[in-house]
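# Fold the following and give me the result.
(2 chains)
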Amino acid sequence: EAGVAQSPRYKIIEKRQSVAFWCNPISGHATLYWYQQILGQGPKLLIQFQNNGVVDDSQLPKDRFSAERLKGVDSTLKIQPAKLEDSAVYLCASSLSQASGNTIYFGEGSWLTVV
Amino acid sequence: GENVEQHPSTLSVQEGDSAVIKCTYSDSASNYFPWYKQELGKGPQLIIDIRSNVGEKKDQRIAVTLNKTAKHFSLHITETQPEDSAVYFCAASTNNNDMRFGAGTRLTVKP
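Numbers count the residues shown, from 1 in each chain, chains lettered A, B, ... in the order given. Presented below is the predicted three-dimensional model:
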């Protein structure tokens, strides 16, 4: 079974530039998550989708971050304009459904450095 | 929202010894508690989980205990091996599977 696919794996941009990350979840998984993991910290949930609807985006900095999952499959996370503190690994994850106890599977992450 | 605290932040043990990592959570509605292992350059991988209606679960050298009253849960690794060296995260979620993670424990197993 193919895992969660993410691209690009690495990105270096200057502050105030924009960047977009793409994620393709495990086939059949209705729930998709974006997490931000700053070096030395645990993953922080940015946004959770159930199919193409947003379940939770309470920790998403909406002035600069946006995410969409238009057809309920793959998803894009965008940052515009980027700040130095956005340097982190952006992890996409998916689960079969949003019911409690469904295993969440992570991709390998997209590493962002803002200089 | 849910707040998960994890201790210790680093842990070093000799090969063959046991390792224990502890977490506390704040939201009494949390009912699912997974543990993830993250190796350098990779995403977290689930190693064991426990639901709120169970007090203890074991899988070979790994066990997890849950105390709902005190809102804390622990990971126990016995007979540690060098390949157990990694960062371990605890997490907690409610009925929406909205996982919140602890800050992580870097475990080093010395040969």
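# ok, the residue lying farthest from the centre of chain B - contacts?
Ranked by distance from the centre of chain B (CA atoms, centre = their mean), the top residue is residue B:111, with 22.5 Å. The contact partners of residue B:111, by CB atoms under 8 Å, 6 or more residues apart in numbering or on different chains, come to B:15, B:82. All C-beta spots, glycine's among them, are computed from the backbone N, C-alpha and C.
# can you check residue B:77 too?
Contacts of residue B:77 (CB under 8 Å, 6+ apart): B:18, B:19, B:20, B:61, B:62, B:84, B:107.
# ok, these vs chain A, which is closest?
Chain A lies nearest to residue B:107 out of these, by CB to the nearest CB, at 14.6 Å.
# name the element the closest one belongs to?
strand B:105-110 (DSSP states H and E).
# So which elements touch that strand?
Here strand B:105-110 touches strand B:10-14, strand B:19-25, strand B:86-92, going by 3 or more CB pairs under 8 Å, 6 or more residues apart in numbering or on different chains; DSSP states H and E.
# so can I have JSON lines of those strands showing mean neighbour count?
Formatted as JSON lines, the helices and strands packed on strand B:105-110 follow (neighbours: other CB atoms under 10 Å in any protein chain shown):
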{"stretch": "strand B:10-14", "mean neighbour count": "13"}
{"stretch": "strand B:19-25", "mean neighbour count": "20"}
{"stretch": "strand B:86-92", "mean neighbour count": "24"}
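# got the ones you listed as a markdown table, with mean pLDDT and distance to chain A columns?
Shown next, in a markdown table, are the helices and strands packed on strand B:105-110 (pLDDT from 0 to 100; distance: least, CB to the nearest CB, whole Å):
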| stretch | mean pLDDT | distance to chain A |
| --- | --- | --- |
| strand B:10-14 | 98 | 11 |
| strand B:19-25 | 98 | 10 |
| strand B:86-92 | 97 | 5 |
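# Count the neighbours of residue A:61 for me.
Neighbour count for residue A:61, taken as other CB atoms under 10 Å in any protein chain shown: 14.
# same question, residue B:31
17.
# mind checking pLDDT for it?
Per-residue pLDDT puts residue B:31 at 92.
# Repeat that for residue B:96.
So, for residue B:96, pLDDT stands at 75.
# Name all residues that make contact with it.
A:48, A:55, A:56, A:98, A:100 are the contacts of residue B:96 under CB under 8 Å, 6+ apart.
# ok, for the residue nearest the centre of chain A, nearest residue in space, not its chain neighbours?
Chain A has residue A:34 as the residue nearest its centroid, 2.7 Å off, counting by CA atoms, centre = their mean. Leaving aside its sequence neighbours, residue A:34 sits nearest to residue A:46 (CB to CB, 6 or more residues apart in numbering or on different chains; 4.5 Å).
# And residue A:16, by the same measure?
residue A:81 (4.3 Å).
# Enumerate every residue touching that neighbour.
A:15, A:16, A:17, A:18, A:64.
# Make sure residue B:55 is actually in contact with residue B:65.
Yes - under the criterion of CB atoms under 8 Å, residue B:55 makes contact with residue B:65 at 6.6 Å.
# In terms of neighbours, single out the busier of those two.
Just comparing residue B:55 and residue B:65: by other CB under 10 Å the higher neighbour count belongs to residue B:65, 17 against 12.
# Run through the bridge partners of the more buried one.
Applying DSSP bridges to residue B:65 gives these bridge partners: residue B:56, residue B:74.
# tell me which parts of chain B are close to chain A?
B:1, B:4, B:6, B:31-32, B:34, B:36, B:41-46, B:49, B:51, B:89, B:91, B:93-104 (CB under 8 Å from any CB of the partner chain).
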